[in-house]
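>>> Could you work out the structure for the sequence below:
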Amino acid sequence: MPTPATSTPLGDVDRIVDGGDMDCGSGLLLLITRAMRKLHEGDLLGICSAEPSVVTDLPVWADLVGHEVVARSTDGRDGPWWFTVRKVVRHQPDTIFTSGARTPVGQRLWLYTNFDCNLACTYCCAQSSPKAPARRLTPEVAAEALSEFRELGGVEVFLTGGEPFMHPELGDLVKAASGLQRTILTNAMVFARGQRRQTLEVMDRSVVLQVSLDSATPDLHDRQRGAGSWSKALAGIGQARSMGFRVRVAATLYDEDPGAVQALHTRLDAEGIDAADRIIRPVAQEGSADTGLHVSIDTLQPEPTITSDGAWWHPVAVTNPNMRIADAPLPLTEVFGVIRDTLAVQDAAARSGREVFRCA
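Here you go, the predicted model:
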């Protein structure tokens, strides 16, 4: 039982738990948790146990929850054994990166319209560039996918690339998504004139344009995306807004830089971009990026994504063969089914060892 005390064979502590012969799974961890709740950060808890398995299990538990085992008397074969554990409070780290709620599988669909792009960004997860094969999604495949998506209860669709406005039939792809919430991810550099401008002019104003802008000034943005790209992106934002489109802005950063992000927010305030329409995201170590956030099926919430030649777990991982769901974009029922079955296995693994004991 937990008792206020100050002396153990290992030295002074702020509180003691005598676990007797309980192991970690049969009640000891509950006693320890209750005692820890009465301590302040940095206080010491003395733990005494006569159960041999605790010698191995207690340090594992402490490491898992973040507390620090600062002393132990576990050399002898016979107990009791003593531990001194310092309480550590895990503080949620402040981050500049945007977070959000999980989207249930089946509500959101990503379409890679094409893979060619006017830019060759240093961190492009799709390895897009002017030299990349176009791999264009045809309007026929898009229409079939989006029709099935509606029938399955889909809500929103994101069209990305590459640079979607380099797809000569982008307008048809967007029309195929009518009735859904539609967002196009673009660098906003190529629709200033010509046929691409006409595509934009006739587009329904319910379509949202998400424009990439990495910094408040050209330095970082141009370093990551190419010389002169910052000023053209800013001009594209202004053009789209003047034409009546809602514009969201997404910045991609290798490092946490609160000062740079605050400067970007100040710039976006001046541009009239609503605070809710701003996204700050980290570089993922995928595609062209040599460094960044590691992602995998085990760590990444799925957002089903189709390309001209397959289906993928998430749009950030369309160059990763380990994240490929299918070798064809259709049918979506199969894509969603594989993802849901995978999630079910992961959830079952997370629940392993825990039983439901029904009393009512």
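
>>> Report how many residues lie close to the closest residue to residue 166 other than its chain neighbours.
Closest residue in space to residue 166, ignoring its immediate chain neighbours: residue 116 at 5.7 Å, by CB to CB, 6 or more residues apart in numbering. (Each C-beta comes from the backbone N, C-alpha and C, glycine too.) The tally of other residues near residue 116 (other CB atoms under 10 Å) stands at 18.

>>> Dihedrals phi and psi, residue 116?
Torsion angles at residue 116 (phi, psi; degrees, to the nearest 10) stand at phi -80, psi 150.

>>> which residues touch it?
With CB atoms under 8 Å, 6 or more residues apart in numbering as the criterion, the residues that contact residue 116 are 128-130, 132-135, 161-163, 166.

>>> name the helices or strands packed onto the helix or strand residue 142 falls within?
Under the criterion of DSSP states H and E, residue 142 resides in helix 139-151. Helix 139-151 sits against strand 108-112, helix 170-176, helix 332-351, with contacts defined as 3 or more CB pairs under 8 Å, 6 or more residues apart in numbering; DSSP states H and E.

>>> And the second one, how far out from the chain middle?
For helix 170-176, the separation from the chain centroid amounts to 28 Å (computed by CA atoms, centre = their mean, to the nearest Å).

>>> got the buried residues for it?
Under the neighbour-count criterion of 16 or more other CB atoms under 10 Å, helix 170-176 has 170-171, 173-176 buried.

>>> end-to-end on stretch 89-96?
Here the two ends of stretch 89-96 are set 22 Å apart, with distance taken as CA to CA, to the nearest Å.

>>> what's the answer for stretch 95-109, then?
Terminal residues of stretch 95-109 lie 27 Å apart, using CA to CA.

>>> Stretch 285-305 now?
One end of stretch 285-305 to the other measures 18 Å (CA to CA).

>>> quick thing: my sequence starts at 58, can you match it?
In the new numbering, first residue 58, that becomes stretch 342-362.

>>> Give the buried subset of the contacts of residue 173 as a PyMOL selection command.
PyMOL command restricting these to the buried ones, with burial defined by 16+ other CB under 10 Å:
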select buried, resi 185+186+189+191+192+218+219+220+223
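
>>> Just the ones in strands from the contacts of residue 173, please.
Applying DSSP state E to the contacts of residue 173, no entry is found in strands.

>>> nearest spatial neighbour of residue 110, skipping sequence neighbours?
Once flanking residues are discounted, residue 110 sits nearest to residue 80: 5.0 Å by CB to CB, 6+ apart.

>>> can you check residue 363 too?
Spatial nearest neighbour of residue 363, excluding adjacent residues (CB to CB, 6+ apart): residue 386 at 3.7 Å.

>>> Give me the residue at the spatial middle of this protein.
In the chain, the centroid-proximal residue (CA atoms, centre = their mean) is residue 357; its distance is 6.0 Å.

>>> Identify the residues contacting that one.
By CB under 8 Å, 6+ apart, the residues touching residue 357 are 370-371, 373-374, 380.

>>> before we move on, what about residue 317?
Contact analysis of residue 317 by CB under 8 Å, 6+ apart lists 272-273, 277, 310.

>>> now, which of the residues you listed sits nearest residue 209?
Closest approach between the contacts of residue 317 and residue 209, by CB to CB: residue 310, at 34.8 Å.

>>> gap between that closest one and residue 268?
Distance from residue 310 to residue 268, counting by CB to CB, to the nearest Å: 16 Å.

>>> so what pLDDT did residue 59 get?
On the pLDDT scale, residue 59 is placed at 52.

>>> sorry, back to before: and the contacts of residue 317 as a markdown table, adding pLDDT, distance to residue 156 and secondary structure?
Listed next are these as a markdown table, based on pLDDT from 0 to 100; distance: CB to CB, whole Å; DSSP: H, G, I helix; E, B strand; the rest coil:
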| residue | pLDDT | distance to residue 156 | secondary structure |
| --- | --- | --- | --- |
| 272 | 97 | 21 | coil |
| 273 | 97 | 22 | coil |
| 277 | 97 | 22 | helix |
| 310 | 95 | 15 | strand |
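
>>> from those, which two are the most distant?
It's 273 and 310 that sit farthest apart of the contacts of residue 317, by CB to CB, at 12.2 Å.

>>> Could you find the closest non-adjacent residue to residue 268?
Counting by CB to CB, 6+ apart, the residue nearest residue 268 is residue 245, at 4.4 Å.

>>> thinking residue 146 is in contact with residue 100, fair?
No: counting by CB atoms under 8 Å, residue 146 stays clear of residue 100, with 10.5 Å between them.

>>> the helices in the chain, which residues?
Listed in chain order, the helices found in the chain under DSSP state H are 86-94, 111-122, 196-208, 227-233, 251-258, 275-282, 286-299, 315-328, 389-408.

>>> want to throw those into a markdown table with distance to residue 364?
Converted to a markdown table, those look like this (distance: least, CB to CB, whole Å):
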| stretch | distance to residue 364 |
| --- | --- |
| helix 86-94 | 47 |
| helix 111-122 | 39 |
| helix 196-208 | 10 |
| helix 227-233 | 13 |
| helix 251-258 | 21 |
| helix 275-282 | 22 |
| helix 286-299 | 24 |
| helix 315-328 | 30 |
| helix 389-408 | 12 |
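
>>> Figure out which of the ones you listed is closest to residue 72.
For residue 72, the closest of the helices of the chain is helix 86-94, at 5.3 Å, according to CB to CB.
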